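# Based on what follows, work out the 3D shape:
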Amino acid sequence: MLGVNPVLPLGIASSCSLPNPRDSIIQGWLESTGRRWDAQAVPRYRMTPEDRLIARIASALGNGNWRARKNLGLGVGDDAAVLAAGSGTEWALSCDAFLEGIHFRANLHPADSVGYKALARATSDLAAMGATPRFFLLTLALPKDRTGKWLDQFLAGMRRAAREFGMTLIGGDTTKSRAIFVSITVVGENPVAARTGVIGENRSASLVRRSGARAGDRIYVSGGNLGAAQLGLLLLKSGLEFPRQRGFTGEAKGRTKLHILALKAHLYPRIRVDLGVFLARTRLASAMIDISDGLSTDLGRLCAASGVGTRIWAERIPCIQIPAGLRGKDAQALPRLKLDPLKLALDGGEDYELLFTVPPKNEKRLRRAPEFQELHKIGEIVRGRKIALVQNDGSEKQLISGGWDPFRR
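Residues are numbered from 1 along each chain as shown. Here you go, the predicted structure:
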């Protein structure tokens, strides 16, 4: 999503650090915001092509109307924007695009899974801020031949997701298109804490940003099967049959538990709304992001926003486990794919688990978190800018961003 994080000295997308300030895009943004360049404050995170595109859009459109900005608590740069309307509530907003041929294939993915996942992946941004999902807007562009049965199944999947997340559709737009285009805008709620008593500070919002991690904080990730969603996609693309009925449960002849788990993770991702809200309300997490583009990429974005480095241990990452003895159709497909569980976990993407940091003093209280048994401590925040992966033999190597990027060539 687009983002401006006012915590950063430049207020550009916090998911990327900035290159040389002589860059015309950055200069344009600086002039529009009146902010000063501080080379020491901005981590040297290598911008991806998508990051650079976001920076261009923020530079051109991010300044906005000053009257509207008065009620803006957090703009472009995090998982969601935050509106502070002075009514005792903050509203977090985020949008997400889901395009045929880029994010899904209409002849491969069941229509109900497209509807479910379109809303789920957008809602994950709210979970990453700790906001409670409330409303969403839907923009839908369809070819004429997708307005019948396909649309009915699509809406059934989205309706199921809306019920699970407690969300209400409040508007949107529809039009005709050569390919299916879905855009979701989600709105989440967060009660604002009472006045703090500090001069000049009227409220203390509990929404968790990417920019709060500090040296010494522990790094946690939810879930136990990172890489499962990518494995599910690979299985689909390998030509294996899969059910197309609404509400797929994965129970089908010739499938192993691994196959079912992977397909569910890819088609109907689990969103950690309750965990995100808990971490925000209790203020146990210092920074948080959802893993949508892959652990290697999203960890880099969190560190860039916080101006820190990190060290994570490969052996602690909860990778999808691929058993040596396979049976059924998996025994035919998986060996051909030559899978590396660690690479799937680091670079696969679409897991939508929460990646967050916790100060050591808060770790004991973390035991009260929803489904605490599914949380894994994988590393720690360190000073500097290096993002290091400690391998099983104890050696360290730089963790390179290898996750999903639609603009990577």
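
# Got the domain ranges for this structure?
1-77, 80-207, 211-398 (automatic domain parsing).

# List the contacts of residue 265.
For residue 265, the contacting residues are 225, 228, 229, 231, 232, 350, 351, by C-beta atoms under 8 Å, 6 or more residues apart in numbering. To be clear about C-beta, it is placed using only N, CA and C from the backbone, and glycine gets the same treatment.

# ok, now residue 126?
For residue 126, the contact set (C-beta under 8 Å, 6+ apart) comprises 79, 80, 92, 94, 132, 133, 186, 188, 273, 276.

# just to revisit the earlier point, can I get the contacts of residue 265 in TSV including secondary structure, neighbour count and distance to residue 157?
As requested, the contacts of residue 265 are exported to TSV (DSSP: H, G, I helix; E, B strand; the rest coil; neighbours: other C-beta atoms under 10 Å; distance: C-beta to C-beta, whole Å):
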residue	secondary structure	neighbour count	distance to residue 157
225	coil	21	22
228	helix	28	19
229	helix	28	16
231	helix	25	21
232	helix	26	16
350	coil	23	16
351	coil	31	19
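
# Which pair of the residues you listed spans the longest distance?
225 and 350 (12.2 Å; C-beta to C-beta).

# before we move on, back to that, list just the nearest of the contacts of residue 265 to residue 88.
Comparing those against residue 88 with C-beta to C-beta places residue 351 closest, at 34.3 Å.

# State the distance from the residue nearest to that closest one when sequence neighbours are not counted to residue 166.
In space, and not counting its chain neighbours, residue 351 is closest to residue 291: 4.8 Å by C-beta to C-beta, 6 or more residues apart in numbering. Per C-beta to C-beta, to the nearest Å, residue 291 is found 23 Å from residue 166.

# Residue 361 now?
Counting by C-beta to C-beta, the separation of residue 361 from residue 166 is 32 Å.

# Tell me, how many residues neighbour residue 405?
By the measure other C-beta atoms under 10 Å, the count of residues near residue 405 is 16.

# which SS class is it?
Applying DSSP: H, G, I helix; E, B strand; the rest coil to residue 405 yields a three-state assignment of coil.

# was I right about it contacting residue 298?
No - in this structure, residue 405 is not within contact of residue 298 by C-beta atoms under 8 Å, at 11.5 Å.

# for stretch 164-172, how far is the first residue from the last?
Using C-alpha to C-alpha, to the nearest Å, the end-to-end distance of stretch 164-172 comes out at 20 Å.
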